[in-house]
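Trainee: I'd like to go over a predicted model; first the sequence, then the structure.
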Amino acid sequence: MLYTLIHTIHIYSVFIYGGFLFVDILFLSKMQEGLSEEEHKKAREAIMVHVRKVIPYALMVAVASGLYLFSQVFGEISDDGFSYFQIILSIKASLGLWLGFRGINQKFFGIQPWVFKAHIFPFSLVVIIILLSQIMYL
Ligand code: HEM
């Protein structure tokens with residue numbers, strides 16, 4: 001029951017965080033086409049004010065719930081080494097933790113990511129993480 005609850009929270013938080021990245025990459029990045037530089041700056045800031053209040057927290061909930069899920073499903077490492085599931089889950093979790101680490105640094109310590117500053121990078125990671133989450137049970 002608790003697992004199902006946390007799993008559901010994980011999916012919703014990932015949906016909110018990933019959803020913003022999709023909207024940003026697919027639509028907001030095109031906003032400047034019809035606007036002057038000044039107008040674009042203003043319009044983007046008007047949106048980002050609200051984004052900053054929600055998205056970093058959605059990412060933190062995704063990481064925290066992910067850590068709980070991980071602790072429940074990873075299982076014992078057998079004498080033969082990591083299973084296929086454990087390998088894919090470890091890769092997925094590492095990528096998710098990297099995103100979380102970046103997000104927390106940015107939100108609370110004002111440290112801008114030193115590599116891959118644009119949103120296309122977290123966007124690509126989310127696409128890969130979702131794929132890994134689907135193939136890990138094969
Ligand atoms: C922003 C980063 C993350 C994204 C986009 C993400 C995305 C997802 C998605 C789409 C699923 C599949 C849900 C389903 O099909 O039912 C999932 C499951 C899972 N995630 Fe994440 N996740 C993220 C971060 C993390 C982190 C940091 C961890 C662990 C440290 C983690 C651990 C897990 C586990 C263990 C499952 C399997 C749950 C199950 O099927 O029972 N996730 N995640």
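Mentor: Noted; the coordinates are in hand.
Trainee: Next, the contact list for residue 40, please.
Mentor: Contacts for residue 40 (CB atoms under 8 Å, 6 or more residues apart in numbering) come out as 31-32. For glycine as for every other residue, the C-beta is placed from the backbone atoms N, C-alpha and C.
Trainee: Of all the residues in the strand or helix carrying residue 69, which ones are buried?
Mentor: Element membership for residue 69 (DSSP states H and E) is helix 37-73. Neighbour-count burial for helix 37-73 flags 44, 55-56, 58-63, 65-67, 69 (criterion: 16 or more other CB atoms under 10 Å).
Trainee: what about the residue nearest to residue 97 when sequence neighbours are not counted, distance to the ligand?
Mentor: Spatially, and ignoring its direct neighbours in sequence, residue 97 is nearest to residue 63 (6.5 Å; CB to CB, 6 or more residues apart in numbering). In this view, residue 63 and the ligand are 4 Å apart by CB to the nearest ligand atom, to the nearest Å.
Trainee: And for residue 39?
Mentor: From residue 39 over to the ligand the distance is 32 Å, taken as CB to the nearest ligand atom.
Trainee: which residue sits farthest out from the middle of this protein?
Mentor: Distance from the C-alpha centroid of the chain, by CA atoms, centre = their mean, peaks at residue 79 (32.8 Å).
Trainee: so who does the residue nearest to residue 97 touch?
Mentor: 96-97, 99-100.
Trainee: Need the residues that contact stretch 83-92.
Mentor: Contacting residues not belonging to stretch 83-92 are listed as 70, 73-75, 77, 82, 129, 132-133, 135-138 [CB under 8 Å, 6+ apart].
Trainee: one more time with 10 Å
Mentor: Residues outside stretch 83-92 that contact it (CB atoms under 10 Å, 6 or more residues apart in numbering) are 66, 69-70, 73-78, 81-82, 128-138.
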